[in-house]
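1. Got a predicted structure plus its sequence, pasted below:
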Amino acid sequence: MLKRKTIIILFLLFFCSLFVFMVYWHSECEILSNLLLGIIASFLTIIILEVLDFIYDFLEFAFLRGNYKRIKIENGLDNRDDNTDRKYKDMTVDYDKVNPIIKLKYKGNGQYRGDLDYKEGHANFTINLNKENKHLGKGIYFYLFKHDDYKKYMPDQGKYEIVVEKSMPIRIYVYFNNLIPSRLAYGYEIWEKL
């Protein structure tokens, strides 16, 4: 969306400049000059609205951009664990040797993209924030590649649901649910802003 807005603004600025030149060139014809001035005023209005929309979108939804660190990851269990009375198993220790850094890049219109590492391989993701409540979002993830032990489970894709905690530093709770190949893996992660 940011690229589209930039192209629209540059396109309108180009034509606005062209019409200003044409007004100067045809200043002796009053009807043509007035028509060109009307077109210039319309273009300037659209440029102002596009810039204001761009600024509002960035200020409202770009607050999550930056680097995060995975501080916890838990996988779901088929049955409740008798010892902990929970349906999740802490996998954080298993991820000691996995790069915990996640970079969220803001793409505009409430959409973020990024990539991250898992024990199985490297994945990309897209998250769209809810327009009504910017502290909730949904998205998808898909593995770009998997390490040798896990290659037989390709392709591997699923969905994310996020909840943003407004604490300092910001924490994002990411609930994941595998869709392909098995629909069996689920759990959650906690990302903390660096």
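-> Nice, I can see it.
2. From now on I want contacts and neighbour counts done on CA atoms only, so please keep to that.
-> OK.
3. for the chain, what spans make up the strands?
-> Taking DSSP state E, the strands of the chain run over residues 66-76, 88-90, 101-108, 111-117, 121-129, 136-146, 157-165, 171-180, 186-193.
4. Using TSV, please lay out those strands together with mean neighbour count and mean pLDDT.
-> Below are the strands of the chain laid out as TSV (neighbours: other C-alpha atoms under 10 Å; pLDDT from 0 to 100):
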stretch	mean neighbour count	mean pLDDT
strand 66-76	18	92
strand 88-90	16	85
strand 101-108	19	93
strand 111-117	19	94
strand 121-129	19	94
strand 136-146	19	91
strand 157-165	19	94
strand 171-180	20	91
strand 186-193	20	93
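5. With residue 54 as the reference, name the closest of those strands.
-> Nearest to residue 54 among the strands of the chain is strand 101-108 (8.3 Å), distances taken as C-alpha to C-alpha.
6. relative to strand 121-129, how tilted is the closest one?
-> Relative orientation of strand 101-108 and strand 121-129, computed by axes from the mean of the first three to the mean of the last three C-alpha atoms, to 10 degrees: 40 degrees.
7. which helices and strands does strand 101-108 pack with?
-> Applying 3 or more C-alpha pairs under 8 Å, 6 or more residues apart in numbering; DSSP states H and E, we find strand 101-108 packed against helix 30-61, strand 66-76, strand 111-117.
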